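> this one's sequence-less:
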């Protein structure tokens, strides 16, 4: 949009000032600069993660904008939660189609503001551009841990138990609900798809030998821990915690639960002697945890077994973009 | 793409492993984890910036992929350079259309690798997704300064001189060349449009009272410093340094030079008594610097004057996305 006054504020900066400036934290300088400053917490190691979200891929075009903002924050908070990190601040880029209504930006920022308050993070900076394509969002989240204590995908040991927080499959079933393929009388599934609940505050450093968040399908993500730790896994399908709504969907949906994305729970490898410590940390955080299998020596494969010992065949382990 | 083997590596992760893993630095953990770790340099303050680049907006669809990668790094390095920060590492998200050729990713990564070596930065992590739209890139760059010494848009004082590095307008004229609107016998202009030269290493901390990189048009960007510092500026149009190629384009293109984007030079406010220090820092870095105007008390406006004293009317100050 050509600007008739060379020194007037262009529309792009006006948009940033109105919607995103109120989100800026101390080092964000009111988003009035090209870069933010951040004095890292003394004696702490930073943990950093970045995730992109694209309209039509990671969310549906008519999803409420506040929920899109909150989901963008939460998928990144989930990555930090699985490393045991305390979230601190974030940078964000927004590429939006020209003509995106001002109300959309207002709603998006309101969602970010709500979750900033909930999770104690603030905006450091970023970039707002136009795009001829769908809305494309990217967020880099910065957290911190005591040096050397971050939980990684690697590091699991043979004999470790596999644990998971919360319930699995609700996000994938929620997508099916949004697509009209499944009923959801309570709204629980759709809610879980639209608004992940990252397990921030679960103190797993020093307890879990390996971990990651479940975002691309439980079986596939467990495979990542196997490959990174050079171990095999046996997953007990009937031990995987399901919500009442997921159980109500019936057994035909079990494979979707085990391989669908958007869980944003934490998957952990924990030595048997640390089970009590895990239970205590979970209790303190108010997060349910369930044992769902075991890691053992062998090629990096995931075997999924039913309660009767039969192996469960799955068409795929999870989600791939390409 | 459905994966017939639940524990096989999905195509997305194979792509990351082949092209992006070789770019990962020490804290990037070979991109084998969901988050990176970074021990911040002791006693330093972090400086962070994020920029997005979208196909058809920030680069042309047929631009060579290695140059797209290098430009993505360099636009962010330019932001750090204008703050006086030493670059350290980055996170990146890539949203690419399905069917993007493997050779595109190889070329893109080769460009990143070349510039990582040139600027001493490494990849910490990120995300690769598909998109139904054009290629959408986002990069968060992390650098560091001595605490409290970062140069900001605010902080300029009345009486400060306005200085700029290098030459102005080559990037905007290069875009005109790429669009077939201007001849470029030496290739200089197109080269400057496709490959910015961020002024990393110019030691401006303690010398400049304010600064920013020129990316959206000199006049508009100077207006940002005026608004942030609550000062007026007079820009001497005929003092603005132009390359031989830009001079050859003729006077009709002067307004484009002053208001076009993609310069990636550094614009500084410097007190007259620090001119010698600026010249010394510029000499050490091998970067030309030119005085192009002055800041003075008054409403936050930019007046552009020709050598004969006439005021130059400009249709717009620079680029806005909305």
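That came through fine. It should be emphasised that the depicted structure is a prediction, and the values quoted were computed from it without experimental measurement.
> Not counting its neighbours along the chain, what's nearest the closest residue to chain B within the stretch 51-200 of chain A?
Nearest residue of the stretch 51-200 of chain A to chain B: residue A:133, at 1.8 Å (CB to the nearest CB). C-beta coordinates here come from the backbone N, C-alpha and C atoms, glycine included. Spatial nearest neighbour of residue A:133, chain neighbours left out: residue B:133 (1.8 Å); criterion: CB to CB, 6 or more residues apart in numbering or on different chains.
> element containing that neighbour?
Assigned by DSSP states H and E, residue B:133 falls within no helix or strand.
> Can you check the pLDDT for it?
Listed pLDDT for residue B:133 reads 94.
> give me the number of residues near it?
When neighbours are counted by other CB atoms under 10 Å in any protein chain shown, residue B:133 registers 23.
> right, and it touches residue B:97 too?
Yes. Between residue B:133 and residue B:97 there is a contact under CB atoms under 8 Å: 7.5 Å.
> Helices of chain A, start to end?
With DSSP state H as the criterion, chain A has helices at A:11-15, A:65-83, A:102-119, A:170-178, A:188-194, A:218-229, A:244-249, A:254-259, A:275-285.
> May I see the ones you listed organised as CSV, with distance to residue A:24 and mean neighbour count added?
Putting the helices of chain A into CSV (distance: least, CB to CB, whole Å; neighbours: other CB atoms under 10 Å in any protein chain shown) gives the following:
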stretch, distance to residue A:24, mean neighbour count
helix A:11-15, 14, 17
helix A:65-83, 15, 26
helix A:102-119, 10, 18
helix A:170-178, 30, 24
helix A:188-194, 26, 22
helix A:218-229, 34, 25
helix A:244-249, 38, 18
helix A:254-259, 39, 22
helix A:275-285, 29, 15
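> give me the number of residues near residue A:45?
So residue A:45, with other CB under 10 Å, has 20 neighbours.
> which residues touch it?
A:144, A:145, A:146, A:147, A:148, A:149, A:150, B:37, B:38, B:39 (CB atoms under 8 Å, 6 or more residues apart in numbering or on different chains).
> measure it to residue A:145 for me?
6 Å (CB to CB, to the nearest Å).
> Need the overlap of contacts for the two.
Each of residue B:37 lies in contact with both residue A:45 and residue A:145 under the rule CB under 8 Å, 6+ apart.
> Report the central residue of chain A.
By CA atoms, centre = their mean, chain A has its centre lying nearest to residue A:75, at 2.7 Å.
> Could you check how far that one is from residue A:177?
Distance from residue A:75 to residue A:177, by CB to CB: 19 Å.
> again with residue A:218
19 Å.
> Residue A:235 now?
With CB to CB as the criterion, residue A:235 and residue A:177 are 25 Å apart.
> And for residue A:220?
Distance from residue A:220 to residue A:177, by CB to CB: 22 Å.
> check contacts around residue A:54.
Per CB under 8 Å, 6+ apart, neighbours of residue A:54: A:134, A:135, A:136, A:137, B:95, B:129, B:130, B:131, B:132, B:133, B:136.
> I should have written residue A:211 there, sorry.
Contacts of residue A:211 (CB under 8 Å, 6+ apart): A:82, A:83, A:84, A:151, A:152, A:153, A:204, A:225, A:266, A:267, A:268, A:269.
> before we move on, the earlier item: correct me if wrong: the residue nearest to the centre of chain A contacts residue A:264.
Yes. Between residue A:75 and residue A:264 a contact is recorded at 6.6 Å, counting by CB under 8 Å.
> Would you mind listing the residues in contact with the nearest residue to residue A:77 once chain neighbours are set aside?
Excluding the flanking residues, the one nearest residue A:77 by CB to CB, 6+ apart is residue A:198, at 4.0 Å. Shown in contact with residue A:198 (CB under 8 Å, 6+ apart): A:74, A:75, A:77, A:78, A:80, A:81, A:119, A:213, A:264.
> coming back round to it: go through the contacts of residue A:54 and name the one nearest residue A:208.
residue B:129 (27.1 Å; CB to CB).
> Could you give the bridge partners of that closest one?
Beta bridges link residue B:129 to residue B:95 when assigned by DSSP bridges.
> And it, how close does it get to residue A:287?
Residue B:129 is 28 Å from residue A:287, by CB to CB.
> how much space between the nearest residue to residue A:167 once chain neighbours are set aside and residue A:257?
Once flanking residues are discounted, residue A:167 sits nearest to residue A:243: 4.3 Å by CB to CB, 6+ apart. Using CB to CB, residue A:243 is found at 9 Å from residue A:257.
> Between these two, which contacts overlap?
Listed contacts common to residue A:243 and residue A:257 are residue A:169; contacts here mean CB under 8 Å, 6+ apart.
> and the nearest residue in space to residue A:120 that is not next to it in sequence, what does it touch?
Distances taken as CB to CB, 6+ apart place residue A:87 nearest to residue A:120, at 6.8 Å, with adjacent residues excluded. Contacts for residue A:87 (CB under 8 Å, 6+ apart) come out as A:77, A:80, A:119, A:120, A:121, A:141, A:142, A:143, A:200.
> Export those to a markdown table and append columns for pLDDT and distance to residue A:161.
Formatted as a markdown table, the contacts of residue A:87 follow (pLDDT from 0 to 100; distance: CB to CB, whole Å):
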| residue | pLDDT | distance to residue A:161 |
| --- | --- | --- |
| A:77 | 97 | 25 |
| A:80 | 97 | 23 |
| A:119 | 97 | 29 |
| A:120 | 96 | 31 |
| A:121 | 97 | 32 |
| A:141 | 98 | 29 |
| A:142 | 98 | 31 |
| A:143 | 97 | 26 |
| A:200 | 96 | 23 |
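> Which pair of these spans the longest distance?
The largest separation in the contacts of residue A:87, counting by CB to CB, is between A:142 and A:200 at 13.6 Å.
> higher neighbour count, those two?
residue A:142 (28 against 22).
> ok, the more buried one touching residue A:92?
No. Applying CB under 8 Å as the test, residue A:142 and residue A:92 come out as separate, 11.9 Å apart.
> what's the weakest-modelled helix or strand in chain A?
Ranked by mean pLDDT, DSSP states H and E, the weakest helix or strand in chain A is helix A:11-15, scoring a mean of 78.
> quick one: is that helix near chain B?
Yes. Helix A:11-15 reaches chain B (CB under 8 Å from any CB of the partner chain) through A:11, A:12, A:13, A:15.
> so what secondary structure elements neighbour that helix?
Here helix A:11-15 touches no other helix or strand, going by 3 or more CB pairs under 8 Å, 6 or more residues apart in numbering or on different chains; DSSP states H and E.
> Domain ranges for chain A, per the record?
Following automatic domain parsing, one gets these domains for chain A: A:11-35+A:42-145, A:161-305.
> how about the residues of the stretch 51-200 of chain A that lie near chain B?
Checking the stretch 51-200 of chain A against chain B by CB under 8 Å from any CB, the hits are A:51-54, A:56-58, A:79-80, A:82-83, A:85, A:91-95, A:98, A:124-134, A:136, A:138, A:140, A:142-143, A:145, A:147, A:150, A:152-154.
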